[in-house]
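Student: Pasted the sequence and its predicted model underneath.
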Amino acid sequence: MEKLKKGMRALVVGLGKSGVSATKLLVKKGLKVTVTDELNKSDLKDALDALEGLDYTAELGKHVLKTFTEQDVIIVSPGVRLDIKPLEQARKSNIPVISEIELAAQFISEPIIAITGTNGKTTTAHLLTEMIQAGGKTAFLGGNVGVPLCDYSARREKCDFVVVEVSSFQLETCFDLKPYVAVFLNLAPDHLDRYSNFDDYVKAKLRLKNNLTEEDFVITNLRDSKLMAQLSGTVAKQLHFTTDVFAKIPAHYAEKFQGANLETGKLSLKVERWKEHMFPLQGALLRGLHNRENMMAAMLAAKVVGISNEAIQKVLLSFKSLPHRMEFVARKNQVSFFNDSKGTNVHSLMRSLESFKEPLILIAGGRDKGEAYETLIPYIKKHVKSLILVGEAKEKLNRAVGDFSETFLVGTFEEAVYVAYQKSRSGDVVLLSPGCASQDMFKNYEERGNYFKKIVSTF
């Protein structure tokens, strides 16, 4: 795409965080900016307040088709579907439709480390950022973590590295984004309410590799066969991570293995360019096999950009769970409560269940995303003592897995938490890991997780 220049016409579609940030950057760069949102002025007060004093045009309450066809570029927010008529018409008119991430990257010269995958992106991005900082370097963390990347492009102070969490929604409209390090954590069905099938979702994720060169790195989960197959032809230098001990790594990979694996209580680094090293995990605060994968992915990316083993080790032991991601909430009458409200898909729920040896009372349900819940059956059988189902998907969940545990269907979220506590006994864990989106009852997963913590605090 042609580099944006002063005087060009730009349309920002959607005034969420990324839309506001993109608007600020475009105005600063001297473009003629229009913003459009189907919400009304009263619903967008915070966004409009943030843009006060800037020179732009606003079209609110509906999208005007003519406006879309009169632009030099359109920046679309990740929450906006690409199949709406105005965007389809713009593409037919050969107007570039790009994401806020793609826009920001045009103005970034520092090395970008981009992290994608179905689950674990935010934890890995934070782990890596802390490792870089512990190693005496500076890093900006943005993207899908809630801080728009355009915030970085608009500021004067620059960092040594830019760490970006990238979602499939953002990658759909990335064309020239070129990371120095691309991290692919895992691929599992998700957002099937937006994509026609799993393959379309995978295609969106894999756009991250499109511009990699021989000078770049790709970090991949060796246990994810779909990922491995899709990335086998990339020209970038490949590093792998796996939770398998080295003896269990397939022979055709073991001979030339470059990456990290899990030994007993340690992460093992085996890369020719660096001296082999073992990172002990005794006392580490993150729990779960999936977090061992996140640790290894972050560790490999940190090594690529020159961070010392000592700095990496410090972060591996001190890093705490992020809010709403396997977050320990409280212990009440010998019952532990964990908030995993960010577990919004089946794959994430599986990994959460695997993280516990204690008997589980699981709270699940919410807005269905088109996934098959039957894959949860062996995990429910093995880990779940009582299953509390709530939200729009509760009936579908019940038909799929309700026969494999003591199961209760409840009407409100508050009731779900109370019933879970009532069914718990000393030594049990009450786990909120919905496996579904939150928008049936809440604005987002954060609101759901915070409400869970608020109810628990009353026990």
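Tutor: In hand now; what should we look at? Numbers count the residues shown, from 1 in each chain.
Student: list the contacts for the residue nearest to Asp72 when sequence neighbours are not counted?
Tutor: Once flanking residues are discounted, Asp72 sits nearest to Met8: 4.2 Å by C-beta to C-beta, 6 or more residues apart in numbering. To be clear about C-beta, it is placed using only N, CA and C from the backbone, and glycine gets the same treatment. With contact set as C-beta atoms under 8 Å, 6 or more residues apart in numbering, Met8 has these partners: 31-32, 72-73.
Student: Need phi/psi at Met8.
Tutor: phi -70, psi 160 (degrees, to the nearest 10).
Student: how does this protein divide into domains?
Tutor: 9-95, 103-318, 327-456 (automatic domain parsing).
Student: Which strands and helices lie in contact with the helix or strand Thr23 falls within?
Tutor: For Thr23, the host element (DSSP states H and E) is helix 17-28. Helices and strands touching helix 17-28, by 3 or more C-beta pairs under 8 Å, 6 or more residues apart in numbering; DSSP states H and E, are strand 9-13, strand 32-37, helix 45-50, strand 73-76, helix 100-105, helix 149-154.
Student: packing partners for the shortest one?
Tutor: Contact here means 3+ C-beta pairs under 8 Å, 6+ apart; on that basis strand 73-76 packs against strand 9-13, helix 17-28, helix 85-92, strand 97-99.
Student: So for Phe175, which of those sits nearest?
Tutor: strand 97-99 (6.8 Å; C-beta to C-beta).
Student: Identify the residues contacting the residue most central in space within the chain.
Tutor: Residue closest to the average C-alpha location in the chain (C-alpha atoms, centre = their mean): Lys121, at 4.1 Å. Lys121 sits next to 115, 144, 165-167, 185 when contact means C-beta under 8 Å, 6+ apart.
Student: can you tell me which of the residues you listed are in strands?
Tutor: Of the contacts of Lys121, the ones assigned to strands by DSSP state E are 115, 165.
Student: May I ask which of the contacts of Lys121 has the most neighbours?
Tutor: Each of the contacts of Lys121 was scored by neighbours using other C-beta atoms under 10 Å; the highest score is Ile115's, at 31 neighbours.
Student: And the closest residue to it other than its chain neighbours, how close does it get to Val304?
Tutor: In this structure, Ile115 finds its nearest non-sequential neighbour in Val183, 4.3 Å apart by C-beta to C-beta, 6+ apart. Distance, Val183 to Val304, using C-beta to C-beta, to the nearest Å: 10 Å.
Student: any residues in contact with both of those two?
Tutor: Ile219.
Student: okay, Lys381: pLDDT?
Tutor: With respect to pLDDT, Lys381 has a value of 97.
Student: what about it, how many residues close to it?
Tutor: So Lys381, with other C-beta under 10 Å, has 12 neighbours.
Student: Regarding it, which helix or strand does it belong to?
Tutor: Using DSSP H and E, the element containing Lys381 is helix 377-383.
Student: In contact with Thr213, which residues?
Tutor: By C-beta under 8 Å, 6+ apart, the residues touching Thr213 are 178, 235-236.
Student: Can you select the buried ones from those in PyMOL?
Tutor: Selection command for PyMOL covering only the buried members of these, criterion 16 or more other C-beta atoms under 10 Å:
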select buried, resi 178+236
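Student: now, among the contacts of Thr213, which is nearest to Ser352?
Tutor: Once C-beta to C-beta is applied, the member of the contacts of Thr213 that ends up nearest Ser352 is Ala236, at 31.4 Å.
Student: The closest one contacts Ile219, correct?
Tutor: No - with contact defined as C-beta atoms under 8 Å, Ala236 does not count as touching Ile219 (9.6 Å).
Student: Spit out the residues that contact the two alike.
Tutor: Joint contacts of Ala236 and Ile219 (C-beta under 8 Å, 6+ apart) are Ala182.
Student: What is the neighbour count of the nearest residue to Leu171 once chain neighbours are set aside?
Tutor: Leaving aside its chain neighbours, Leu171 sits nearest to Arg207 (4.5 Å; criterion: C-beta to C-beta, 6+ apart). Residues near Arg207, counting by other C-beta under 10 Å, number 18.
Student: just checking, Arg207 is part of a helix?
Tutor: Yes - assessed with DSSP: H, G, I helix; E, B strand; the rest coil, Arg207 lies in a helix.
Student: That one and Phe404, how far apart?
Tutor: Arg207 is 38 Å from Phe404, by C-beta to C-beta.
Student: can you check Ile312 too?
Tutor: 41 Å.
Student: ok, the two, which is more surrounded?
Tutor: Ile312 (27 against 16).
Student: so that one touches Ala302, yeah?
Tutor: Yes - contact criterion C-beta under 8 Å: Ile312 and Ala302 qualify, at 5.4 Å.
Student: between the two, what contacts are shared?
Tutor: With C-beta under 8 Å, 6+ apart as the test, Ile312 and Ala302 both reach 131, 135.
Student: Output the contacts of Thr213 in a markdown table, with secondary structure appended to each entry.
Tutor: Listed next are the contacts of Thr213 as a markdown table, based on three-state DSSP:
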| residue | secondary structure |
| --- | --- |
| Lys178 | coil |
| Val235 | coil |
| Ala236 | coil |
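Student: Take the contacts of Thr213 and lay them out in a markdown table including distance to Glu415.
Tutor: Output for the contacts of Thr213, formatted as a markdown table (distance: C-beta to C-beta, whole Å):
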| residue | distance to Glu415 |
| --- | --- |
| Lys178 | 50 |
| Val235 | 55 |
| Ala236 | 50 |
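Student: Between the contacts of Thr213, which sits nearest Arg448?
Tutor: Lys178 (36.0 Å).
Student: any weak-confidence spans in the chain?
Tutor: Residue ranges of the chain with pLDDT under 70: 247.
Student: ok, now which ones touch Glu371?
Tutor: 189-190, 192, 345-346, 435.
Student: change it to 6 Å
Tutor: 189, 192, 346 (C-beta atoms under 6 Å, 6 or more residues apart in numbering).
Student: mind listing which of the residues you listed are in strands?
Tutor: Per DSSP E, the contacts of Glu371 never map to strands.
Student: Ranking by neighbours, what's the top pick from the residues you listed?
Tutor: Counting by other C-beta under 10 Å, top hit in the contacts of Glu371: Val346 with 24 neighbours.
Student: Look up the closest residue to that one, ignoring the ones flanking it.
Tutor: Using C-beta to C-beta, 6+ apart, the closest residue to Val346 is Glu371 (4.7 Å).
Student: what's the answer for Phe161, then?
Tutor: Closest residue in space to Phe161, ignoring its immediate chain neighbours: Ala139 at 4.7 Å, by C-beta to C-beta, 6+ apart.
Student: Does the one you found touch Leu127 like I think?
Tutor: No - at 11.4 Å, Ala139 does not count as touching Leu127 under the criterion of C-beta atoms under 6 Å.
Student: More neighbours: these two, which one.
Tutor: Under the neighbour definition other C-beta under 10 Å, Ala139 and Leu127 were set side by side, and Leu127 has more, 28 against 20.
Student: Name all residues that make contact with that one.
Tutor: With C-beta under 6 Å, 6+ apart, Leu127 has these contacts: 298, 319.
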